[in-house]
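*Asks:* after the sequence you'll find the predicted model.
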Amino acid sequence: MSARGPSSVADAPPPVAAPSPARRETAGVKTGPGERDFLDAALVNPVVREVLARAERLDLPDWYLAAGCLFQTVWNVLDGRDPRHGINDYDLIYHDDRDVSWNAEDAVIRRCAEVFDDLGVEVEVRNQARVHLWYEDHFGVPCPPIRSSADAVDRYAAHACRVAVRTGPAGHEVYAPSGFDDLFAFVVRPNPVIAPRHVYEAKAARWQRLWPRLVVLPWPEDADADLVAT
């Protein structure tokens with residue numbers, strides 16, 4: 001689902017990076033980065049802005065733009081890099097349990113491929129209501145059915161990854177169950193809920209090569225037994 005051309009958003013010159021947020025002080029209490037800081041950084045990426053605008057018009061059920069394209073954009077902005085540096089794809093998730101057949105999801109993927117074709121990037125579209133059907137074959141551990149797109153974000157492999165955004169009549173709606181402290185501090189902390197150890201470690205190793213400032217925390221030794229029990 002990608003196409004590259006001279007007029008694609010991916011080939012546009014990057015905008016000036018947003019400044020790194022300072023820790024704010026409110027009524028004498030220091031606070032960390034918040035939703036506004038996150039949006040200010042994530043929306044520096046022109047592809048993020050364009051995918052959000054087009055995704056809203058698609059009107060998919062319970063949709064979000066999520067994960068790597070967002071937290072990696074934030075790291076890029078804080079590092080003063082091109083906001084698109086290191087981003088493999090743009091994850092557009094939705095949740096539709098009315099029909100969990102492959103044919104139904106494939107129809108949505110094909111529709112989205114046409115909508116995003118000229119952006120020059122890969123937009124990966126997945127129905128989260130189907131993930132439990134293929135997750136074990138792909139990652140080696142079972143995955144209980146996902147109840148919503150927010151439930152999918154809750155299960156991401158690291159806390160800094162647990163960010164998602166969508167747009168609507170009221171503007172941007174952000175879902176970030178772990179907050180933003182780890183993300184803005186370049187800390188990768190495991191979230192051993194569903195994703196197994198090898199998935200976390202492979203992702204973290206790739207990220208650390210691309211963003212050397214990252215501090216990767218180790219997988220907890222007792223987590224593997226907990227995942228098997230789950």
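*Replies:* Structure received. Residues are numbered from 1 along each chain as shown.

*Asks:* does Pro144 touch His132 like I think?
*Replies:* Yes. Using Cβ atoms under 8 Å, Pro144 makes contact with His132 at a distance of 6.3 Å. To be clear about C-beta, it is placed using only N, CA and C from the backbone, and glycine gets the same treatment.

*Asks:* higher neighbour count, those two?
*Replies:* His132 (15 against 12; other Cβ atoms under 10 Å).

*Asks:* do a quick rundown of the helices in this protein.
*Replies:* With DSSP state H as the criterion, the chain has helices at 35-42, 46-58, 68-79, 102-116, 131-139, 149-154, 181-184, 197-210, 223-229.

*Asks:* give me whichever of these is most buried.
*Replies:* Across the helices of the chain, averaging neighbours per residue (mean count of other Cβ atoms under 10 Å) puts helix 68-79 on top, at a mean of 24.

*Asks:* would you mind getting the angle between that helix and helix 46-58?
*Replies:* Angle, helix 68-79 to helix 46-58, by axes from the mean of the first three to the mean of the last three Cα atoms, to 10 degrees: 150 degrees.

*Asks:* for helix 68-79, which helices and strands make contact with it?
*Replies:* Applying 3 or more Cβ pairs under 8 Å, 6 or more residues apart in numbering; DSSP states H and E, we find helix 68-79 packed against helix 35-42, helix 46-58, strand 90-94, helix 181-184.

*Asks:* possible to save those as a markdown table with distance to Ala164 and mean pLDDT?
*Replies:* Putting the helices and strands packed on helix 68-79 into a markdown table (distance: least, Cβ to Cβ, whole Å; pLDDT from 0 to 100) gives the following:
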| stretch | distance to Ala164 | mean pLDDT |
| --- | --- | --- |
| helix 35-42 | 10 | 98 |
| helix 46-58 | 11 | 97 |
| strand 90-94 | 7 | 98 |
| helix 181-184 | 12 | 98 |
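
*Asks:* mind checking which of the ones you listed is nearest Gly140?
*Replies:* strand 90-94 (20.9 Å; Cβ to Cβ).

*Asks:* convert the C-alpha atoms of that closest one to CSV, please.
*Replies:* C-alpha atoms of strand 90-94 as CSV (Å, rounded to 0.1, in the frame of the first residue of the first chain):
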residue,chain,number,x,y,z
TYR,A,90,1.7,4.3,9.7
ASP,A,91,-0.6,2.0,11.7
LEU,A,92,-4.2,2.7,11.2
ILE,A,93,-6.2,0.5,13.5
TYR,A,94,-10.0,0.0,13.7
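
*Asks:* report the strands that pair with that strand, each with its relative direction.
*Replies:* strand 64-66 (antiparallel), strand 123-127 (parallel) (DSSP bridges).

*Asks:* now do that strand: everything it contacts.
*Replies:* For strand 90-94, contacts defined as Cβ atoms under 8 Å, 6 or more residues apart in numbering pick out 47-48, 51, 55, 60-69, 108, 112, 121-128, 149, 152-153, 164.

*Asks:* go on, stretch 129-146?
*Replies:* Residues outside stretch 129-146 that contact it (Cβ under 8 Å, 6+ apart) are 95-97, 100, 102, 105, 128, 152, 155, 194-196, 198-199, 227-228, 230.

*Asks:* let's see it at 10 Å
*Replies:* Stretch 129-146 is contacted by residues 61-62, 93-102, 104-105, 126-128, 147-149, 151-155, 193-199, 224, 227-228, 230 when judged by Cβ atoms under 10 Å, 6 or more residues apart in numbering.

*Asks:* what is the mean pLDDT for that stretch?
*Replies:* Averaging pLDDT along stretch 129-146 gives 95.

*Asks:* off-centre distance for it?
*Replies:* The chain centre lies 18 Å from the centre of stretch 129-146; the measure is Cα atoms, centre = their mean, to the nearest Å.
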